[in-house]
Each structure stands twice: as C-alpha cells, then as structure tokens.
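Asks: Based on what follows, work out the 3D shape:
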Amino acid sequence: MKYKSGLFLFLLLPTAFGAMAAQPVYTGYYRGSAKGMQQGLYSFTDITDAAGSAARVAKPAFPGTNWQKTAFDGTRQLTFFRGVSGAPRDGAGLYDAGTLSSISKNRGTGAAYAFSDWHGIAASDPFFYGLYGGSALAGPGLYRFEDPADPESTAVRLFPSRTFPAGTWSDVAVDGERFLFVKTAAAGDPGIYEYNPETDSFTRVSGEENYTDWDGLGVYTEVLREPLSASLDLRDKTIYVVLLGGQSNALGWGYHQYLLDIGSPLAAPQTDIDLFTGVEQFLPLHTLTFLQSGSANARIKKGNVQQYPAITNAPVSRFGPELSMGRTVRDLIQEPGSRVAVIKHAVGGSNLYQQWLPDGTSSRAADGPIYQDFQETVQKGIAALQTRYPDYGIKILGMGWVQGEADAGAQGGIHAADYQKNLTALIADLRASFDPDLIFALSKLSPNQSASYEFIRAAQQAVADADPRVVATETTGTNYLTAAGFPEGGVHYLSASYLQIGQDLGTAIVQLLQGKR
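Replies: Modelled structure (predicted):
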C-alpha cells in the first residue's frame, strides 16, 4: 500500500489541541515484598517512588517468569507471555493483559509471532515499540512497528547508533514524547532513564528508585483537552517536508570543504531543519539528523587535477542540492513553531525509463526498483519525524527532481523520446502516493553539461508547461558551471552550482505554494 500523508496528519490531530493538564501514568510488574505490597501488575504516578504511589490494576498476580515486560497505551495493558507449560490458548507472544488474549497471532493465517528475540515492549497508539536482540532485522536495537502479528515486515529501526542490549536495558516505554528505558542492576546504577536522541544521552529520572523490584515499564500521558472550538492553530504545529530525488547530481558532488572556505553557514548542521536520507554515504542510512553535508557521494574520484588536492582519501563529506533547498524553504516559510524536513533518495546513473518508472497503480510492487526504494525512504522518513515530533502534523509540500542525463546518454538515448511521458507518469504516481497537491520542481539539464541534452530539456519544459503545479528551473549561465577538467567531469556540477540549484528548487516550491509564480 502506498503511503498517504493525510493518514499521518489525521493520527496526529488529537495531540494538536490545547491541553489543560497532563498526568503521566506508569505501569509495571512488582516482584518485591516491600511496604506490604503483593506481587502483581501496578500503576503508579511518581516515577521517583513507584511503590509509594502504586495502585494494583490487575487481580492476577502474573507470578514467576511466565509474564514479562509491560506496555500501556492508555487503553490496553500489554505483556509478553514466555511460559511453555500451562500456556494460554495461543502460546508465547504478546498479550492483552486484561483479557489474556493474544494480539500477536494472525487471525487469518493462524501463525503466531512469539517475540522470542525481543526483550522490551512499548505502545503509543497507533504504534508499537520494542527492543530487539535477534539477527533477522537490521541488527539489535529499538524498533517501531505497526503489526504485532508480523512486526518484522513493518519494523523501522530508531536511533541506529544504539543497540540497547538486554544486559543493560531491560524494557522501554514511550508516551508519544519521551523514550524511557529501564537500566538493569547488572549494568550498574539501575533505574529509569530518559533517552535524548538529539544529544544521544541518557538522564536518570527515577531518583532514588532503582526499580530493581519491578519488571517492565509502561507509560501513558492522560490529557484533559479543551473544547474543539478552543483548539490551537494547526499551522503552528506543522512539519513541512520537501522530497529530493534523481541521479548523481541530486546525490551531489559538492565539497564540504568548499562551504568552510567561503564561510557558509551551511557548513554547520541546520538545527531547525531535519534530514533523512535513503542512500548511505558519509551520513548513516535511514537516520533522522539535522540538515548537513554528508548525504552525497562519499568517494573521491581519482585524477591528475583535484579540486581539493589535500583531500585524497574516501569517505569525504559532500553535499547536493538538499542543503540550500531545505534552507531556502525554511527561510521562506514564516510560520512560528513550524519545522522543515528534507527526505532525500538519489542514485547515481539512475534512469527514468526503467529504474524510476512507476507502474501507475496504488501498489509499489511493480514500480521501478529505485522508485520503490525512494517510496520506502519517504515512508520511513515520515515515521521517523512522527516519532521525534509526535505533536506535529506533517505536510509534504513538494519534490525537487535533478535527473535526465541517463535518459539522454548513449544507452538511454533510445528512451529520450519517452521522457516527457515517463516524467508525467512519475508526477501522477507521486501525487497518488503522497499528496494530491504535491508541487514538483525540476532542475533542467544544463547546456553547460552537454549541448546534446536539448531534447531532454525541451521535454522537461513541456511537462512544466502542461501542469500548473510543476516548475522547471533554468540552468543556463555561469551559476551552473560543471566540474569539467576535474575527475568529476563535465556532467557533474561544481560545489557552488549545487547551492544555486537547491536554492532554485526551494524557491520554486514555496513560490508556487504561495501563488507567486
């Protein structure tokens, strides 16, 4: 199923209304004997004194190790069943603690997912989160997933720099804003810690409560809401997303060193703009970070004359049009409280006639392979933004497109006549997949690259002329010089040109959005 941006916006709407008060509620299995408490499942409101503020919420004691970990989404209490004897009807897996019914059994196929490789569980409607220690996914770590009966097919890894091993972290809790982890006694200084993904750091939040008598942690924030008529203006809680796709000039060959040489503010991470990239280069794959260099070609092209002779070994931090495109969109959108994010997926040498070609249906299964990867990157990028900013709506404004050389070149030349038709189909598919009002801004091939590109340039302009929400930006003149004479060659642009192309794309998207074009 292709992603619909409106779905995520709908899911976020309830948190966008003004909150009068918020009270965190925590849950866990108590295994100790202090203060005359019986073992069992409890809720508590004081994270620094769990036993002192606890109230038993379940009659079954859930004794021994059959029931482990806990999650709470405000409606259901979830827990792992680990037992083998006296097991419930559906065996090991994830259960609703209130009804003792499995939620990890596929009712259509009868297959049950046992969660044997998971050592933590959390729920924050509509998603589940889990600490995974197996080898079937992208390695141990924290994952978000949608289907508890088949978590591996919908799993998105969060914070890939962290593996959250079972010997250190025994459970996770998510309330839509905070990521809380239970640190084990074996790891030292046990207790409940909040993880800050911006600083990649943990802060102990449980005070003197070491939580060693408890098993599992759940959290949910109860919110008393104002009437709908008193809701906040949603425009102040929006992340505006711009997409970027194409081939090598979308990926980029700009040098980070160039930004340092000219004293560009873009040499530093842009903390008011997020970046998510689908091709691992200098920056890690599928990881939400601030907009910065590092999502472009990380290798050095060898040659006798280098643009930066002192830089001789890969990987090197480079950039493409995303830097100035994101910065331009951020500067032109003057909405207090809003954010801007760039989601980028580009592959050098990729063509439109096969690799980016859509199949024209709502499914991406038969789309071109790189277009499939692009859609997956967008979906994961949106999910990462939603996790990081749960109280924001998400709006995909438009897409920048830097591509065409592969369709005009030697092998692609026979497909050049189809470029206008294929590009029109791609735009239609993007709108069906992401947003019906999506603005598409393309950077035309440049005569500075090759005079033989004129046919593709004409096709690009024809697509723009036929669609009021498509803009073809021009690339003639000295602001679009290529790396002729350097190893990158006359097809790839110089660093300054990438900044100009990105600025053109960002300006075109916002101006068309504002009706100024």
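Asks: going forward, measure contacts and count neighbours with C-alpha atoms only.
Replies: Noted.
Asks: any idea how far the nearest residue to Gly477 once chain neighbours are set aside is from Gly245?
Replies: Spatial nearest neighbour of Gly477, chain neighbours left out: Asn448 (7.8 Å); criterion: C-alpha to C-alpha, 6 or more residues apart in numbering. In this structure, Asn448 lies at 21 Å from Gly245, with C-alpha to C-alpha, to the nearest Å as the measure.
Asks: Shouldn't Val241 be within a strand?
Replies: Yes. The assignment for Val241 is a strand, going by DSSP: H, G, I helix; E, B strand; the rest coil.
Asks: wait, isn't it in contact with Gly400?
Replies: No. Between Val241 and Gly400 there is no contact under C-alpha atoms under 8 Å: 11.1 Å.
Asks: quick one, which of those two is more surrounded?
Replies: A count of neighbours by other C-alpha atoms under 10 Å puts Gly400 above the other of Val241 and Gly400, at 29 against 25.
Asks: so the more buried one touches Leu244, yeah?
Replies: Yes. Applying C-alpha under 8 Å, one finds Gly400 in contact with Leu244, separated by 4.7 Å.
Asks: Neighbours of Arg431, how many?
Replies: A total of 16 residues lie near Arg431 under the criterion other C-alpha under 10 Å.
Asks: Using the three-state scheme, assign it.
Replies: Recorded secondary structure, Arg431: helix (three-state DSSP).
Asks: residues near the closest residue in space to it that isn't next to it in sequence, how many?
Replies: Closest residue in space to Arg431, ignoring its immediate chain neighbours: Leu438 at 5.7 Å, by C-alpha to C-alpha, 6+ apart. As a burial measure, Leu438 scores 23 neighbours (other C-alpha under 10 Å).
Asks: residues contacting Leu438?
Replies: Leu438 is in contact with 396-399, 430-431, 469, counting by C-alpha atoms under 8 Å, 6 or more residues apart in numbering.
Asks: Ranking by neighbours, what's the top pick from those residues?
Replies: Most neighbours among the contacts of Leu438, by other C-alpha under 10 Å: Gly398, with 29 neighbours.
Asks: Show the pLDDT at the residue nearest to Arg431.
Replies: Looking at Leu438, its pLDDT is 94.
Asks: Mind listing what's buried along the helix or strand hosting Asp465?
Replies: Per DSSP states H and E: Asp465 is located in helix 454-466. Buried residues in helix 454-466, counted by 16 or more other C-alpha atoms under 10 Å: 456-457, 459-461, 463-464.
Asks: Check which helices and strands that helix is in contact with.
Replies: If you count contacts as 3 or more C-alpha pairs under 8 Å, 6 or more residues apart in numbering; DSSP states H and E, helix 454-466 packs onto helix 405-408, helix 419-433, strand 470-473.
Asks: average pLDDT across the second one?
Replies: Put plainly, it is helix 419-433. Here helix 419-433 scores 94 as its mean pLDDT.
Asks: What of stretch 314-325?
Replies: Average pLDDT, stretch 314-325: 94.
Asks: now it: how far from the chain's centre is it?
Replies: The chain centre lies 19 Å from the centre of stretch 314-325; the measure is C-alpha atoms, centre = their mean, to the nearest Å.
Asks: now do the same end-to-end measure for that stretch.
Replies: Stretch 314-325 has its terminal residues 26 Å apart, counting by C-alpha to C-alpha.
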